[in-house]
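K.L.:
got a predicted model here, sequence first, then my questions.
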Amino acid sequence: MSNVCEDHVFSKVFKTHSKTVFNYIFYKFGNEEKAHDAVQEAFVKLWQNCAKVSPEKAKSYVYTIANNLYLNVIKAEKVRLKHADSLVKDRTNESPEFLMEEKEYKEKLDNALNALPENQRTTFLLNRIDGKKYAEIAEMEGVSIKAIEKRMHLALKSLREHIDGI
Amino acid sequence: MQENYLAKWLSGELSEEELREFENSREFASYQKLKDASSKLKAPDFDTEKALQRLKKEHIDNAPKVISLNPFKKFLRVAAVIAILLAGSYFYVNTLNEKVTTEYAERSEVILPDNSEIFLNADSQVSFNKKNWDNKRNVDLKGEAFFKVAKGKKFTVSTKHGTVAVLGTQFNVENRKGFFEVTCYEGLVSVTYNNKETKLPAGTSFLIINGKIVDVGRPNGTLPSWMNNESSFESIPLKYVFAELERQFNIKVSSKNIDENLLFTGSFNNTDLNMALKSISTPSKTRYKIEGDNVLFYAGNTQQ
């Protein structure tokens, strides 16, 4: 039987989930340093309690620890995301107007994301960037899938309204 | 349109009919653009390998896991302590000397591990190490005892006044306050007194009274007289005679108008007090009076 106390099991759990923990905290608070710390704290706790946490439970255990860590403690900052610009590079003969439009759109999207409530933004980004299914996000957040779908729906609606200037 | 259709559209859960309806809506282009743009978003860089190294270096290697001992280990610890205490007390008890003590008017006999015998006169004590007996035949003596020593290694009797060493013999050691007498009945006895060794052949005595060597005659018989319930004295100051009388009968002896340093020669019976008192008073020309456990000796010419 595999045990989280075994080094190779622990390392595997870390490699599988640490980035998502990092992103999860970053989407919530927009603070990279705190996100790095959250990863360390969550996995140290997991290591200390490795005998009590089965490998199957390890995933939700670290999300819970990370989530509880900064509960209402730190103020959300601006979430600064990178934009992959492969789209632009593919088409080398885009008009300057188009490029300008693209740039404007990215800024609008960034602003719209920062304007979202924390839980909608986290849900939206976990799905769009990390490709998490609604069920997974529901597990991480400890709410129903329906609640996640509602957050997603509202997030899309707000983003579009914000971007289209409605 | 169903509830949360935007979420369903993103996850591809809309029915064909719903999808067609949505695609024909005014906002669809905006949503499609949002979907495309958001799929190209990226989170800040996160180096998993580096984070894992940091975790191991800062937290795991330096802070060892706390592994609670299981209750059985706790039990083992308690059991180990008890075992150590038991073993320790066993060895401690083993090193303690065997001790035999007699009270006033009491006698005792002790058989040593090599079948040597010790007969203890009244108010005496011997102690010896039973475990180590084969290596060291030593007896500590307070009071008086007669020894029948089996042949073997050197046998020593340690007293406050001096030590008596023999190989195998029969001898008596009397060691009282200010009085030390060794009488050899068989074999050869070596007495060390004040670092001076004296050899006692059979049928001789060695007597020290108040630190002075006193010449004594040859002992009678092959046993000390007390072994036959008689206390014998030859030119012994009266105070030692009275002291012996006290020991043999468990009484308190006092005197009045008598010089206790007068030498007494004679003996008394250790079983009959009246006979014993007469045996002392007649040759010493004294009288006596009994009051319960007290006996008073007084000079014959004393007015009562």
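P.N.:
That came in fine, so what should we check first?

K.L.:
from the centre of the chain outward, give me the first residue you hit.
P.N.:
Assuming you mean chain A. The centroid of chain A falls nearest to residue A:24 when counting by CA atoms, centre = their mean (3.4 Å).

K.L.:
oops, wrong one, chain B.
P.N.:
residue B:96 (4.2 Å).

K.L.:
the residue nearest to the centre of chain A belongs to a helix?
P.N.:
Yes - counting by DSSP: H, G, I helix; E, B strand; the rest coil, residue A:24 is part of a helix.

K.L.:
ok, residue 23 - how many residues close by?
P.N.:
Using chain A. The number of residues packed near residue A:23 is 22, by other CB atoms under 10 Å in any protein chain shown. Where you see a C-beta, it was placed from the backbone N, CA and C, and this is true even at glycine.

K.L.:
oops, chain B please
P.N.:
Look at residue B:23: counted by other CB under 10 Å, it has 13 neighbours.

K.L.:
for residue B:29, see how far away it is.
P.N.:
Here residue B:23 is placed at a distance of 9 Å from residue B:29 (CB to CB, to the nearest Å).

K.L.:
if I pick the one residue in the stretch 201-304 of chain B that gets nearest to chain A, what's in contact with it?
P.N.:
At 75.2 Å from chain A, residue B:250 is the closest residue in the stretch 201-304 of chain B, using CB to the nearest CB. By CB atoms under 8 Å, 6 or more residues apart in numbering or on different chains, the contact list for residue B:250 reads B:103-105, B:122, B:293.

K.L.:
same check, this time on residue B:33
P.N.:
Contact analysis of residue B:33 by CB under 8 Å, 6+ apart lists residue A:105.

K.L.:
sticking with it, tell me its helix or strand.
P.N.:
Assigning secondary structure by DSSP states H and E places residue B:33 in helix B:28-39.

K.L.:
and the residue of the stretch 51-200 of chain B found nearest chain A, what pLDDT?
P.N.:
Ranked by CB to the nearest CB, the top residue of the stretch 51-200 of chain B for proximity to chain A is residue B:59, at 4.5 Å. You'll see residue B:59 listed with a pLDDT of 71.

K.L.:
I'd say it and residue A:40 touch.
P.N.:
Yes - in terms of CB atoms under 8 Å, residue B:59 counts as a neighbour of residue A:40; the distance is 6.9 Å.

K.L.:
spell out which parts of chain B neighbour chain A.
P.N.:
The interface of chain B toward chain A, taken as CB under 8 Å from any CB of the partner chain, is made up of B:3-8, B:10-11, B:27, B:30-31, B:33-34, B:36-44, B:46, B:48, B:51-52, B:54-55, B:58-60, B:65-67.

K.L.:
redo that, cut-off 7 Å
P.N.:
Contact residues, chain B versus chain A (CB under 7 Å from any CB of the partner chain): B:4, B:6-7, B:10-11, B:27, B:30-31, B:34, B:37-44, B:46, B:48, B:51-52, B:54-55, B:59-60, B:65.

K.L.:
flag every buried residue along stretch B:104-118.
P.N.:
For stretch B:104-118, a neighbour-count test (16 or more other CB atoms under 10 Å in any protein chain shown) marks B:107-108, B:110, B:112, B:116, B:118 as buried.

K.L.:
now render the residues you listed as TSV, adding pLDDT and secondary structure.
P.N.:
Converted to TSV, the buried residues of stretch B:104-118 look like this (pLDDT from 0 to 100; DSSP: H, G, I helix; E, B strand; the rest coil):
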residue	pLDDT	secondary structure
B:107	85	coil
B:108	88	strand
B:110	87	strand
B:112	84	coil
B:116	84	coil
B:118	89	strand
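
K.L.:
circling back to that earlier point, how about the residue of the stretch 51-200 of chain B closest to chain A, what does it touch?
P.N.:
Residue B:59 sits next to A:40, A:44 when contact means CB atoms under 7 Å, 6 or more residues apart in numbering or on different chains.

K.L.:
separation between the residue nearest to the centre of chain A and residue B:46?
P.N.:
Distance from residue A:24 to residue B:46, by CB to CB: 11 Å.

K.L.:
repeat that for residue A:51.
P.N.:
Counting by CB to CB, the gap from residue A:51 to residue B:46 is 28 Å.

K.L.:
again with residue B:167
P.N.:
Remark: distance between residue B:167 and residue B:46 (CB to CB) = 94 Å.

K.L.:
now do residue A:134
P.N.:
Distance, residue A:134 to residue B:46, by CB to CB: 23 Å.

K.L.:
and the two? Which one has more around it.
P.N.:
Using other CB under 10 Å, the more surrounded residue of residue A:134 and residue B:46 is residue A:134, with 24 against 18.

K.L.:
where does the prediction get shaky in chain B?
P.N.:
With pLDDT under 70 as the threshold, chain B has low-confidence stretches at B:60-72, B:94-95, B:301-304.

K.L.:
and the helices in chain A?
P.N.:
For chain A, the helices identified by DSSP state H occupy A:7-29, A:32-48, A:55-69, A:86-90, A:96-115, A:118-128, A:134-141, A:145-164, in order along the chain.

K.L.:
and the second one, what does it pack against?
P.N.:
Same thing as helix A:32-48. Counting contacts by 3 or more CB pairs under 7 Å, 6 or more residues apart in numbering or on different chains; DSSP states H and E, helix A:32-48 is packed against helix A:7-29, helix A:55-69, helix B:48-55.

K.L.:
out of those helices, which is closest to residue B:201?
P.N.:
The closest of the helices and strands packed on helix A:32-48 to residue B:201 is helix A:7-29. By CB to CB, the value is 87.4 Å.

K.L.:
show residues contacting that closest one.
P.N.:
Residues outside helix A:7-29 that contact it (CB under 7 Å, 6+ apart) are A:2-4, A:32, A:34-36, A:38-39, A:42-43, A:47, A:50, A:55, A:58-59, A:62-63, A:66, A:70, A:74, A:76-77, A:79, A:118, A:121-122, A:125-126, A:129-130, A:140, B:43-44, B:46, B:48, B:51-52.

K.L.:
kindly report the same for stretch B:257-268.
P.N.:
Contacting residues not belonging to stretch B:257-268 are listed as B:225, B:230-239, B:241, B:245, B:276, B:279-280, B:283-284, B:286, B:297-299, B:302 [CB under 7 Å, 6+ apart].

K.L.:
ok, 8 Å please
P.N.:
Residues contacting stretch B:257-268 (CB under 8 Å, 6+ apart): B:225, B:230-239, B:241-242, B:245, B:248, B:275-277, B:279-280, B:283-284, B:286, B:297-299, B:302.

K.L.:
do stretch B:77-96 as well
P.N.:
Contacts with stretch B:77-96, where a contact means CB under 8 Å, 6+ apart, come from B:129, B:131.
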